[in-house]
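# pasted the sequence and its predicted model underneath.
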Amino acid sequence: MNTRELERIYASLLAWCRERDFAGYDPFDGLNSRLFQALPLKNSRLARLLWTQFCKRSPVNFRVLARVTPERNAKGIALFSLAALARYRTLQTKVAEIEARELLDDLKAMRLPGFSGAAWGYNFAWQGRAFFAARGTPTVVPTAFAARALLEAAEIFDSKEYLPLARSCCDFILNDLNRFSEAGDEACFSYSPLDHTRVFNASLLAGETLARVGRLCGEARLGDWAKRAARYVVRRQRKDGSWAYGADGYQSWADNFHTAFILSSLARIIDSCESAREEFEPSLIRGYEFWRDSFFMSNGWPKYFPDRLYPADAHSAAAAIVALVELRGLCPSGLQLADKIGEWTLDNLWNPSGYFYYQRRRWYTVRVPYMRWSAAWMAYALARLLEAGERN
């Protein structure tokens with residue numbers, strides 16, 4: 001993809017997001033509806049699931065009628081921070097530094113109080129199959145992405161300003177999340193303090209945080225926990241190289257962006273922990289090869305599941321681009337595939353007004369612009385793609 005065109009798209013997207021103060025709707029924010037919350041159905045698990053799925057899948061955005069307010073999302077701000085940090089590494093300008101620092105300040109201000117360490121959550125309640133999480137419940141995924149941004153800022157700007165808060169995330173992970181192990185040298189971290197789920201990508205995001213903080217702070221114990229988390233996931237890799245979403249029977253599917261998360265986090269653990277490369281790199285390579293060969297069409301179409309084309313999703317495209325940039329050492333053609341995915345996404349999910357659509361489905365396109373799911377992820381992806389172009 002032409003660098004000048006990438007720069008133009010990135011600038012247009014960021015302008016659209018800034019105009020809205022990085023606040024918007026989310027595929028999973030249906031339970032923020034004041035209309036739904038006024039109904040007795042709000043106490044029904046089934047009703048919460050159905051309402052959330054209706055809001056998520058509908059090609060028409062009913063959120064104004066349902067009285068859902070556009071809001072900032074902590075993970076979204078973490079992703080915008082990561083995008084801004086990538087732009088600073090590329091441009092090295094004062095303007096880029098100011099934007100990154102302002103977003104990082106916003107991220108720090110969104111930290112949830114009352115836990116063993118720094119933690120972030122979502123700005124909406126959500127009902128999963130396994131448990132219900134109220135608005136503001138701390139979870140490992142936004143916490144890990146916040147830590148990733150803080151750690152990158154510590155390496156770029158000032159470790160004294162950003163590293164202590166990233167280190168505090170490890171206290172949340174080790175003291176507030178539930179842990180499971182089926183052998184003495186492995187561990188799986190829960191999604192939140194409320195649940196007992198074993199979600200592979202979420203546990204590895206915890207491991208990534210522990211590994212990178214441990215390396216920067218010189219705490220070998222944190223790296224040991226990271227390797228235990230990696231072992232749990234690596235030992236449950238399927239023969240074809242894939243991973244299920246989680247360890248329970250109802251979590252048996254494999255999808256594009258969660259696989260990308262596993263690969264990126266596993267690579268970061270390998271890079272951060274002594275002796276991890278020999279132990280985990282063969283699994284990383286097998287997983288990468290399955291993902292690359294199973295989830296993408298030759299034109300860059302990012303499949304959501306390995307056995308079907310639809311839905312084609314902006315989040316899947318963006319997470320794939322980020323993973324391919326980070327893992328380009330594994331495959332010389334990784335950046336070419338990332339470029340193809342970027343071109344496909346611009347051709348199929350980009351609105352010239354400055355935002356990306358949510359999903360292309362078989363019979364229709366969901367054109368709702370979601371701030372975290374689509375805009376923040378694509379900002380991160382485009383920034384990393386531009387950065388990779390500068391380095392190669």
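Ah, there it is.
# which residue, other than its chain neighbours, is closest to Arg221?
Once flanking residues are discounted, Arg221 sits nearest to Gly214: 7.2 Å by CB to CB, 6 or more residues apart in numbering. Bear in mind the C-beta positions are built from the backbone N, C-alpha and C, glycine included.
# check which helix or strand covers that neighbour.
For Gly214, the host element (DSSP states H and E) is helix 200-217.
# next, the buried residues of that helix.
By 16 or more other CB atoms under 10 Å, the buried positions in helix 200-217 come out as 200-217.
# helix or strand right after that helix?
Once the chain leaves helix 200-217, the next helix or strand it forms, by DSSP H and E, is helix 220-234.
# buried residues, that following helix. List them.
Residues 222-234 are the ones in helix 220-234 that count as buried (16+ other CB under 10 Å).
# secondary structure class for Ser116?
Under DSSP: H, G, I helix; E, B strand; the rest coil, Ser116 falls in the coil class.
# roughly how far is the helix or strand bottoming out on mean pLDDT in the chain from the heart of the chain?
Lowest on mean pLDDT, DSSP states H and E among the helices and strands of the chain sits strand 126-127, with a mean of 88. Computed by CA atoms, centre = their mean, to the nearest Å, the chain-centroid distance of strand 126-127 equals 18 Å.
# which other helices and strands does that strand contact?
For strand 126-127, the elements it packs on are helix 45-57, judged by 3 or more CB pairs under 8 Å, 6 or more residues apart in numbering; DSSP states H and E.
# can you give me the strands for the stretch 151-300 of the chain?
Using DSSP state E, counting those that start in this stretch, the strands found in the stretch 151-300 of the chain span residues 179-180, 188-189.
# right, so of those strands, which gets closest to Ala84?
Taking CB to CB, strand 188-189 is the member of the strands of the stretch 151-300 of the chain nearest to Ala84, at 28.1 Å.
# what lines up beside that closest one in the sheet?
According to DSSP bridges, strand 188-189 has the following sheet partners: strand 179-180 (antiparallel).
# residues contacting Thr197?
Counting by CB atoms under 8 Å, 6 or more residues apart in numbering, Thr197 touches 130-131, 190-191, 246, 248, 251.
# which one of these is nearest to Ala84?
Minimum separation from Ala84 among the contacts of Thr197 (CB to CB) is found for Tyr191, which lies at 27.3 Å.
# just give me the neighbour total for that closest one.
Burial measure for Tyr191: 26 neighbouring residues, criterion other CB atoms under 10 Å.
# thinking again about what came up before, Glu71 is nearest to which of the strands of the stretch 151-300 of the chain?
When those are compared by CB to CB, strand 188-189 sits nearest Glu71, at 27.1 Å.
# can you give me how far the closest one is from the chain middle?
17 Å.
# and the strands of the stretch 151-300 of the chain, which one averages the lowest pLDDT?
Lowest mean pLDDT of these: strand 179-180, a mean of 92.
# how far does that one sit from its chain's centre?
Taking CA atoms, centre = their mean, one finds strand 179-180 lying 22 Å from the centre of the chain it belongs to.
# and for stretch 176-196?
Per CA atoms, centre = their mean, the centroid offset for stretch 176-196 relative to its chain is 20 Å.
# and what of stretch 27-41?
Relative to the centre of its chain, stretch 27-41 is centred 25 Å away, using CA atoms, centre = their mean.
# would you mind measuring the gap between the ends of that stretch?
End-to-end distance of stretch 27-41: 20 Å, with CA to CA, to the nearest Å as the criterion.
# list the contacts of it.
With CB under 8 Å, 6+ apart as the test, stretch 27-41 has contacts from 42, 47-48, 51-52, 54-56, 63, 65-69, 71, 122-127, 135, 358, 370, 373.
# for stretch 12-20, buried residues please.
Buried, per 16+ other CB under 10 Å, within stretch 12-20: 12-14, 16-17.
# among those residues, which ones are in helices?
Counting by DSSP state H, the part of the buried residues of stretch 12-20 found in helices is 12-14, 16-17.
# end to end, how far does stretch 343-360 reach?
Start and end residues of stretch 343-360 are separated by 15 Å (CA to CA).
# and it, how far out from the chain's middle?
Here stretch 343-360 shows a centroid-to-chain-centroid distance of 19 Å under the convention CA atoms, centre = their mean.
# average pLDDT for that stretch?
On average, stretch 343-360 scores 96.
# cool, and stretch 373-392?
Stretch 373-392 carries an average pLDDT of 89.
# circling back: where is pLDDT lowest across the contacts of Thr197?
Across those, the bottom pLDDT score, 79, is held by Ala130.
# excluding chain neighbours, give the residue nearest to that one in space.
Closest to Ala130 by CB to CB, 6+ apart is Thr197, at 4.9 Å.
# give me the distance between that neighbour and Ala100.
As judged by CB to CB, to the nearest Å, Thr197 and Ala100 stand 33 Å apart.
# for Gly214, same thing?
Taking CB to CB, one finds Gly214 at 24 Å from Ala100.
# where do the strands of the stretch 1-150 of the chain begin and end?
Using DSSP E, counting those that start in this stretch, strands in the stretch 1-150 of the chain cover 126-127, 132-133.
# right, and these - which one's nearest Ala318?
Nearest to Ala318 among the strands of the stretch 1-150 of the chain is strand 126-127 (20.8 Å), distances taken as CB to CB.
# contacts for that closest one, please.
So strand 126-127 is contacted by 28, 31, 45, 48-49, 52, 132-133 (CB under 8 Å, 6+ apart).
# quick one: which of these is nearest to Tyr88?
Phe28 (30.4 Å).
# how close does that closest one sit to Tyr310?
According to CB to CB, Phe28 stands 20 Å off from Tyr310.
# those two - which one has more neighbours?
Phe28 (21 against 14).
# next, the more buried one: phi, psi?
With angles defined as degrees, to the nearest 10, Phe28 sits at phi -110, psi 20.
# do Phe356 as well
Dihedral pair for Phe356: phi -110, psi 140, per degrees, to the nearest 10.
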